[in-house]
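**Student:** sequence plus predicted model, see below.
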Amino acid sequence: MSGGEEKDMLAAEYVVGTLDSAEREAVDARRAQDAELNAAIEAWESRLSAWLTEYEPVAPPPHLRAAIAKRINLSQTVAQQPRDEPGRLQRSLNRWRTAALTGYAIAASLLAFVIFREAPAAPEDHFVAVFQNDDKQPAFIMSIDLESREVIVRPVTAEPAQGKTYQLWIASDQLGGKPRSLGLIGDATKPTRKTLPYDSELLVAATFGISIEPEGGSPTGTPTGKAIHGRLIPTNE
Amino acid sequence: MPITAKKELTEWLARCATGDRAAFSRLYDATSAKLYGVIIRIVRDRARSDDLLQEVYLRIWQRSGSFNPDRASPITWMATIARNAAIDEVRKSARQYHTVDIDVSDVPDATPRADAVIEQSEAWQRLEGCLETLEQDHRSVVKQAYLEGLSREEISTRMKMPVGTVKTWLHRSLKRLKECLAG
């Protein structure tokens, strides 16, 4: 069998659905790079699509409508963020302050507050957050891939501080609203990669922060230290 | 599927891409029974289908901007997303729980209802016509594999054929189908 034919049969089996899980994943990954394979898949989808008419409609349980709307609203908050920034930022700020004060911290202590905004040219599961220090240059930029849950925190103007370390936090209503540590940003001169233990639905609605902490991280489990808050930078302008 | 004009579905998808929730609600009301029908036929489990329907609509919402009306009809595009998600789901769970029993008597007959045949499109008639060119025993299985998302193992059980032979057989059948459709 020639290479092209083999590819075509792989596409055909992918569309019919007979491949196993690992093979399907491999095709999903490959088709993004392989235009020929992608075209073959689309051709097979089109060839067999007339059979889609044979699926009999089945009314879904009514409660699913509201459940889906709720999830759409969560992602809507993200996509439509620009017009609601000040309110949301204030709420985030309050949440972090309350959380820090109800902990052991004497002062609320965040270097930056961020809310996710979708980057315009990025794939749909990729978001960028900017951690800004006063009105100056961004201190950190964080990118996240919701599919793999991997974040990359890149320092921009942030510099390593003597005897101090940067610590990354997440706050979400689903986690009780109190910031939880996502670990230290060990080396503030290089990008730090982390895979987060939370699902994309939680992540998409969460607030993230970075604080300056003593070496080894916050001793209290909540952000401590000098408080600087940031603001959002639109990434699509 | 409710008879909602292609034009309306296309319009709603375009509005979803701009973040229009009202358009999404209309799209959901017009298409959810169809997509649930796709999912449940493949997944064959209510609770898992309920979860999956949510995932599928979230995906449709997020990908609405990439829908291209020149390439597929809106319902084909949406049903394809649902079908792919359902097949992924059953393949993954088959890997986790190796004992998913398929009771053949539970499986709906792939033969279309007589009244449905009359309503079917030209494309459907062409596809069915080409399916007729396959050996008799093989026809229904190719179509069942598509409609129910059968694995090679499940096909092997239905065809009473070794798993190793299924791939060869499938490729031969699909190639013939392709040639016929091109002709």
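**Tutor:** All right, it came through fine.
**Student:** what strand or helix carries A:Val153?
**Tutor:** If you go by DSSP states H and E, A:Val153 is part of strand A:150-155.
**Student:** low pLDDT regions in chain B?
**Tutor:** B:1-4, B:94-120 (pLDDT under 70).
**Student:** and the strand holding A:Val153, what's its mean pLDDT?
**Tutor:** Regarding strand A:150-155, the rounded mean pLDDT is 82.
**Student:** now do the same for A:Ile210: helix, strand or coil?
**Tutor:** For A:Ile210, the assignment made with DSSP: H, G, I helix; E, B strand; the rest coil gives strand.
**Student:** give me the beta-bridge partners of it?
**Tutor:** A:Ile210 forms beta bridges with A:Ala112, A:Leu168, as assigned by DSSP bridges.
**Student:** burial count for it?
**Tutor:** 29 (other C-beta atoms under 10 Å in any protein chain shown). Heads up, the C-betas are built off the backbone N, CA and C, glycines and all.
**Student:** surely it and A:Pro179 touch.
**Tutor:** No - here A:Ile210 does not reach A:Pro179: they are 10.8 Å apart, not a contact under C-beta atoms under 8 Å.
**Student:** what about the nearest residue to A:Arg31 once chain neighbours are set aside, how many neighbours?
**Tutor:** Leaving aside its chain neighbours, A:Arg31 sits nearest to A:Asn38 (4.4 Å; criterion: C-beta to C-beta, 6 or more residues apart in numbering or on different chains). Using other C-beta under 10 Å, A:Asn38 is surrounded by 15 other residues.
**Student:** secondary structure element for A:Asn38, which one?
**Tutor:** Here A:Asn38 is assigned to helix A:35-48, by DSSP H and E.
**Student:** list the buried residues of that helix.
**Tutor:** A:37, A:40-48 (16 or more other C-beta atoms under 10 Å in any protein chain shown).
**Student:** do the helix or strand encompassing B:Lys92 and chain A meet?
**Tutor:** Secondary structure from DSSP H and E places B:Lys92 in helix B:74-96. Yes - taking C-beta under 8 Å from any C-beta of the partner chain as the criterion, helix B:74-96 and chain A are in contact, through B:75-76, B:79-80, B:83, B:87-88, B:91-92, B:94-95.
**Student:** ok, residues contacting that helix?
**Tutor:** Contacts to helix B:74-96, defined as C-beta atoms under 8 Å, 6 or more residues apart in numbering or on different chains, come from residues A:17, A:19-21, A:24, A:45, A:49, A:52, A:55, B:1, B:6, B:9-10, B:13, B:31, B:34-35, B:38-39, B:42-43, B:48-49, B:52-53, B:55-56, B:59-60, B:63, B:67, B:71-72, B:100, B:149, B:151.
**Student:** buried ones among those?
**Tutor:** By neighbour count, with 16+ other C-beta under 10 Å, the contacts of helix B:74-96 hold A:17, A:19, A:21, A:24, A:45, A:49, A:52, A:55, B:1, B:9-10, B:13, B:31, B:34-35, B:38-39, B:42-43, B:48-49, B:52-53, B:55-56, B:59-60, B:63, B:67, B:72, B:149, B:151 as buried.
**Student:** ok, now which ones touch A:Trp169?
**Tutor:** Contacts of A:Trp169 by C-beta under 8 Å, 6+ apart are A:110, A:179-182, A:208-211, A:223.
**Student:** wait, is B:Gln144 part of a helix?
**Tutor:** Yes - counting by three-state DSSP, B:Gln144 is located in a helix.
**Student:** ok so, going back, so what pLDDT did the residue nearest to A:Arg31 get?
**Tutor:** The model's pLDDT for A:Asn38 equals 96.
**Student:** wait, it touches A:Ala29, no?
**Tutor:** No - counting by C-beta under 8 Å, A:Asn38 does not reach A:Ala29; the two are 11.7 Å apart.
**Student:** the residue nearest to A:Ser200 when sequence neighbours are not counted: how many residues sit nearby?
**Tutor:** Using C-beta to C-beta, 6+ apart and skipping residues adjacent in sequence, the residue nearest A:Ser200 is A:Leu146, 3.9 Å away. For A:Leu146, the count of nearby residues is 20 (other C-beta under 10 Å).
**Student:** kindly report the same for B:Glu179.
**Tutor:** 11.
**Student:** please identify the helix or strand for it.
**Tutor:** Going by DSSP H and E, B:Glu179 is in helix B:163-182.
**Student:** for that helix, which positions count as buried?
**Tutor:** B:166, B:169-171, B:173-174, B:176-178, B:180-181.
**Student:** isn't A:Pro223 right up against A:Leu168?
**Tutor:** No - using C-beta under 8 Å, A:Pro223 makes no contact with A:Leu168, being 10.2 Å away.
**Student:** circling back to that earlier point, what comes up buried for the helix holding B:Lys92?
**Tutor:** B:74-91, B:94.
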